[in-house]
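*Asks:* Structure, please.
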Amino acid sequence: MKQILLLAIAAMTFASCQQNTAKTPSASTASTGTTATTEATTSPVAAADAAVMTFDSGVYNFGKIAPGEKVHYSYKFKNTGKSPLIISNATATCGCTIPEPPKEPIQPGATGEIKVVFDSTGKFGMQDKVITVTSNANPAIAELHLTGEIKEAK
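*Replies:* Modelled structure (predicted):
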């Protein structure tokens, strides 16, 4: 009986060592693969030929508003690069801010706009909402800021 118990403990120890060794190479391979993937995705187009998103202004201050008001604003930009600009995603820091990027590619030299709606319901005080725009431009990520103050209800 002691031999069976000892044999079972030895088998479990051996099996756990096998799993740890198996995880270590795949983890290092995964991190190496991630680095390679990141390098490949950050520069699919040569930097000289990449699209470039140039905003008129990356910050909009809506001033002071009453609680519950909605702010509508359009961030205007121009593709100053040499390739068509494709915006793959636009997200905001909270659900109260909804960005709407153009769905069609923006050709070199053409302009576009990202429409944003901010709902101040349930908010008060100073606000700084960040809209993160992901595209094939150089750089691939741009941040826009929507700032202002929501007055306290009287």
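
*Asks:* three-state assignment of E113?
*Replies:* strand (DSSP: H, G, I helix; E, B strand; the rest coil).

*Asks:* Tally up the residues packed near it, please.
*Replies:* The local packing of E113 (other C-beta atoms under 10 Å) involves 16 other residues. All C-beta atoms are positioned from the backbone trio N, CA, C, and that covers glycine.

*Asks:* Just give me the residue right at the centre of this structure.
*Replies:* Central residue of the chain (C-alpha atoms, centre = their mean): T132, 5.4 Å from the mean position.

*Asks:* Spit out the contact partners of that residue.
*Replies:* N89, A90, T91, A92, I141, A142, E143 (C-beta atoms under 8 Å, 6 or more residues apart in numbering).

*Asks:* show me the contacts for the fifth one.
*Replies:* It stands for I141. T132, V133, T134.

*Asks:* Just the ones of these in strands?
*Replies:* Using DSSP state E, the subset of these located in strands is T132, V133, T134.

*Asks:* pretty sure D128 contacts E149?
*Replies:* No: using C-beta atoms under 8 Å, D128 makes no contact with E149, being 10.4 Å away.

*Asks:* Just want to know which of these two has more residues nearby.
*Replies:* More neighbours surround E149 than the other of D128 and E149, with 16 against 11 (other C-beta under 10 Å).

*Asks:* who does the strand or helix carrying the more buried one pair up with?
*Replies:* Assessed by DSSP states H and E, E149 sits inside strand 141-150. Paired with strand 141-150 in the same sheet, following DSSP bridges, are strand 59-65 (parallel), strand 125-135 (antiparallel).

*Asks:* what comes up buried for the first one?
*Replies:* Think strand 59-65. Using 16 or more other C-beta atoms under 10 Å as the test for burial, strand 59-65 gives Y60, F62, I65.

*Asks:* same check, this time on the last one
*Replies:* When burial is assessed from 16+ other C-beta under 10 Å, strand 125-135 yields the following buried residues: Q127, K129, I131, V133, S135.

*Asks:* and what of stretch 92-111?
*Replies:* Buried residues in stretch 92-111, counted by 16+ other C-beta under 10 Å: A92, C96, T97, P99, P101, P102, P105, I106.
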